[in-house]
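Give me the fold of what follows.
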Amino acid sequence: MPVFVGFILPALFLASMAAAYPCEKLKDANYCNISLPAAERARLLVAQMKLDQVIPQLLTEAEAIDGLGVEAYNYWSEGLHGVMAQNVTSFPEPIGLGAAFNMTLIKQMAIAISTEARVVHNMKHSLLLPIGGLTYFSPNINIFRDPRWGRGQETPGEDPFLTSAYGVAFIQGMQGCAEDPYYDAQYAKTIACAKHAFAYSLENSDRVDRHHFNAIVSQLDMEETYLPAFRAAVEIGQVKSVMCSYNAVNGVPTCASDALFNGLVRSDWSFDGFVVSDCDAIADIYSSHNFTHTRGQAAAAALNAGVDLDCGTFYLFLLDSLVDRLVNESSLRIAAERLFTQRFRLGMFDDPARNRYASIPRTAVNSPAHKALALEAARQSLVLLRNRNNVLPLSRTSTRTIAVIGPNSNNPLTLLGNYNGIPHHVVTPLEALKGVGVKVLFAEGSRVHNGTAEAMAAAVDAARQADAVLLFLGLDQSIEREELDRKNLTLPAIQEKLATALIATGKPVILVLINGGPVDIASLRDRVDAVLEAWYPGELGGTAIAEALFGDYNPGGRLPVTFYPEEFAAQIAMSNMDMRAKPGRTYRFYTGEPVFHFGEGLSYTTFSYSNPSFVPAPRGAGFLGNYSIVVTNTGGREGSDVFLAFVSRPALPSGPAPPIKELFGFERVLLQPNQSVALTFPLSESKGAAAAAGVFKIAAGLDGPAITVTI
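Numbers count the residues shown, from 1 in each chain. Down below sits the predicted model:
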């Protein structure tokens, strides 16, 4: 999807101007009867439209219809980790949010994002904003199956179970839920969008781009990897919008796939919302995939496949489709009805006085509460990967002088990732560390891609004067982003050179990674004294990092992705969608030795797992049974443990092997020293390549006690 820059909210909000609502002028119109269901109101409204008025309503920039109270509306808004606007709250990039493994946090964040989205919408008339709708093209719940993918940072990670839970929590927080202090059961707060369906995880690799890519995917991989998060979004999250992707799947562009959208999504999963294309993806059916001979055929293929909304203008060719009898009037009106059903659910035609969301105060945007939540999200996203000789946390008594070095130490935009809003202020690591009470020496050392001998010499000089070196390396949007996949997995050579020079000083070196995709730091991992993964942590990321380095916060996140060695990139083509192709993709199938494992993460305290047990469920219960475990903080300080429950399922007599192991439960728990908590997780029935019965191995985390269960 091409990126727009977002709209601007002034730091001092202008006073709202009361605007007439559509049904105020049309009280006698049958579709203004608020006692009717939204779908019926939409049917009545669309029935009054002339056919030449219907087609323009199927475009993201839908035009007004005088006399019917239909205002011009732009369906495209973004809220991946904050509203894409200025002077809003910017939360960590989703890959970091995945590392938090805390779905309560994710839902609270989505509630905050949707609150700010509502304020933007409520001010749309007074500020004459070009957009500011309530249909948000978020979350991205594709699977981060290959570490080179430029948009993997937008996802919560590589695991279908985690991604499913994340998507559900995010969608519920965006669309309205009981936990929301502004909750209004009469109306939807916003409309979320599960994207990009399906099997989308390539930008421009192996001499093919996403507009031309045909993903060859087995039914087994679809069921095990590429479908679960979308199914959960529809069936559990009740998402009201799904986006079809640019790529084709097994020869059919997804936006032209009747089997996927009319069959799977609408019929099998009972989806009752609207399907939107990725921007200009319907044009790709004709121009990139060459799936049809004419533009009218391409537009008809998408509409007949169940795509209601064109993010673009290609649906204007539906006029040709009508002339050639490739579509019928009924299909056009059904698509419009699906769109207007959601606009009625949002309250766009009704008296704002009836809608609690319409009265959210302007002060809710980037409020102290939202900033506090952004800080907490950044804290929980931190993953401590190495801590040799317990060098961390640093002591303010013995560490009097620190050298802050590296290209990502003082770059505010890098901390925001992509698809981001712009907050009032971004706290960089350098700024935050200047406030911890020790002397700070700063030298950038290098840029992300390049540097000078003078800059590196200045960094080495600063390191020699310091008691500890805090080195901020990683990636940025010039290396990984939409339309740009990575070519290798290592840090840029200049950063490796800088790190080596600083290590040579003999001073303790704490490496802080700021990045989206995983990086191979095997050459540095055992030579630095500590490694802290911070991702793209948002507007208060610098504060969270400083707190963790000096012990004011105890990091407890876990990796939501595998960190592969560099040779992985040479072993398998990125365009190969086969999860089991050697050496295997993600922790569920990878047979090599990773630099860091999925689920890896340390703490400043210690935890133990004890008393694992399994109670089988009655036959026909819909799940296999309940797994229980006791988690205890055995260390000397408060800390959060992310408990991960893995299962290795029995194989079928023939065919592909099941995953090596798979996540089936997780929970983040905050425990005081010597405090224990008992956790219980249901184990689902086997699907895919796993047998329904046999010996199941259930493991507590990466190295906790394992039990075997015969079912």
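
And the residue nearest the centre of the protein?
residue 155 (3.4 Å; Cα atoms, centre = their mean).

pLDDT at the residue lying closest to it once chain neighbours are set aside, what is it?
The shortest distance from residue 155 to any non-neighbouring residue, by Cβ to Cβ, 6 or more residues apart in numbering, is to residue 144 (4.9 Å). From N, CA and C alone the C-beta is placed, and that goes for glycine too. Reading off the confidence values, residue 144 has pLDDT 98.

What is the burial count for the residue nearest to residue 248 when sequence neighbours are not counted?
Closest residue to residue 248 apart from its sequence neighbours, by Cβ to Cβ, 6+ apart: residue 214 at 4.3 Å. As a burial measure, residue 214 scores 16 neighbours (other Cβ atoms under 10 Å).

So residue 214 is in contact with residue 250, correct?
Yes. Contact criterion Cβ atoms under 8 Å: residue 214 and residue 250 qualify, at 7.5 Å.

show me where pLDDT drops low in the chain?
The chain contains residues with pLDDT under 70 at 1-19, 125-131.

Grab the longest helix from it for me.
With DSSP state H setting the assignment, residue counts place helix 103-122 as the longest helix in the chain.

Output that helix as CSV, restricted to C-alpha atoms.
Output of helix 103-122 as CSV, limited to C-alpha atoms (Å, rounded to 0.1, in the frame of the first residue of the first chain):
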residue,chain,number,x,y,z
MET,A,103,-2.7,-9.1,24.9
THR,A,104,-4.3,-6.9,27.7
LEU,A,105,-1.7,-4.3,26.8
ILE,A,106,-2.4,-4.6,23.1
LYS,A,107,-6.1,-4.1,23.6
GLN,A,108,-5.5,-1.1,25.8
MET,A,109,-3.3,0.4,23.1
ALA,A,110,-5.9,-0.2,20.4
ILE,A,111,-8.5,1.5,22.7
ALA,A,112,-6.2,4.5,22.9
ILE,A,113,-5.6,4.5,19.1
SER,A,114,-9.3,4.3,18.4
THR,A,115,-10.0,7.1,20.9
GLU,A,116,-7.6,9.4,19.1
ALA,A,117,-9.1,8.3,15.8
ARG,A,118,-12.5,9.3,17.0
VAL,A,119,-11.2,12.8,18.0
VAL,A,120,-9.6,13.2,14.6
HIS,A,121,-13.0,12.3,13.0
ASN,A,122,-15.0,14.5,15.3
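
mind checking how far it is from the chain centre?
The chain centre lies 14 Å from the centre of helix 103-122; the measure is Cα atoms, centre = their mean, to the nearest Å.

cool, and stretch 147-164?
With Cα atoms, centre = their mean as the basis, stretch 147-164 stands 7 Å off its chain's centre.

Do me a favour and get the end-to-end distance for that stretch?
From its first residue to its last, stretch 147-164 covers 19 Å (Cα to Cα, to the nearest Å).

Pretty sure residue 401 sits against residue 467.
Yes. Residue 401 lies in contact with residue 467 (Cβ under 8 Å); the separation is 5.2 Å.

Of those two, which one has the most company?
Using other Cβ under 10 Å, the more surrounded residue of residue 401 and residue 467 is residue 467, with 16 against 13.

Could you measure from the more buried one over to residue 439?
9 Å (Cβ to Cβ, to the nearest Å).

Common neighbours of those two, please.
Residues within reach of residue 467 and of residue 439 at once, by Cβ atoms under 8 Å, 6 or more residues apart in numbering, are 400-402.

ok, of the residues you listed, which one's closest to residue 61?
residue 402 (51.2 Å; Cβ to Cβ).

I'd guess the closest one is in a helix, am I close?
No. Counting by DSSP: H, G, I helix; E, B strand; the rest coil, residue 402 is not part of a helix but strand.

Torsion angles phi and psi at residue 97?
Main-chain dihedrals, residue 97, degrees, to the nearest 10: phi -60, psi -30.

Can you report how many residues neighbour it?
Residue 97 has 33 nearby residues by other Cβ under 10 Å.

so it sits right up against residue 381, yeah?
Yes. Look at residue 97 against residue 381 with Cβ under 8 Å: they come within range, at 6.2 Å.

which residues does the nearest residue to residue 492 once chain neighbours are set aside contact?
Take residue 492 and drop its neighbours on the chain: the residue closest to it by Cβ to Cβ, 6+ apart is residue 449, 5.3 Å away. For residue 449, the contact set (Cβ under 8 Å, 6+ apart) comprises 478-479, 492, 494.

Am I right that residue 449 sits in a helix?
No. Applying three-state DSSP, one finds residue 449 to be coil, outside a helix.

how much space is there between residue 305 and residue 488?
To residue 488, residue 305 is 38 Å away according to Cβ to Cβ.

These two: which has the busier surroundings?
residue 305 (23 against 15).

residue contacts, that one?
Going by Cβ under 8 Å, 6+ apart, residue 305 touches 255-258, 260-262.

Out of these, give me the one that has the most neighbours.
residue 255 (35 neighbours).

who does the residue nearest to that one when sequence neighbours are not counted bridge with?
Using Cβ to Cβ, 6+ apart and skipping the chain neighbours, the partner closest in space to residue 255 is residue 244 (4.0 Å). Beta-bridge partners for residue 244, by DSSP bridges, are residue 197, residue 277.

Just give me the neighbour total for residue 244.
The number of residues packed near residue 244 is 29, by other Cβ under 10 Å.

Please enumerate the strands of the stretch 501-650 of the chain.
509-514, 530-533, 607-616, 623-633, 639-648 (DSSP state E, counting those that start in this stretch).

next one: the stretch 101-250 of the chain
Assigned by DSSP E, counting those that start in this stretch, the strands in the stretch 101-250 of the chain fall at 194-197, 204-205, 208-209, 214-215, 241-244, 248-249.

closest one to residue 674 among these?
Comparing the strands of the stretch 101-250 of the chain by Cβ to Cβ, strand 194-197 comes nearest, at 42.7 Å.

Could you export that closest one as CSV, CA atoms only?
The C-alpha trace of strand 194-197 is given here as CSV (Å, rounded to 0.1, in the frame of the first residue of the first chain):
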residue,chain,number,x,y,z
ALA,A,194,-7.3,-7.6,8.8
LYS,A,195,-4.7,-7.3,6.2
HIS,A,196,-3.2,-8.6,3.8
ALA,A,197,-5.1,-11.7,2.8
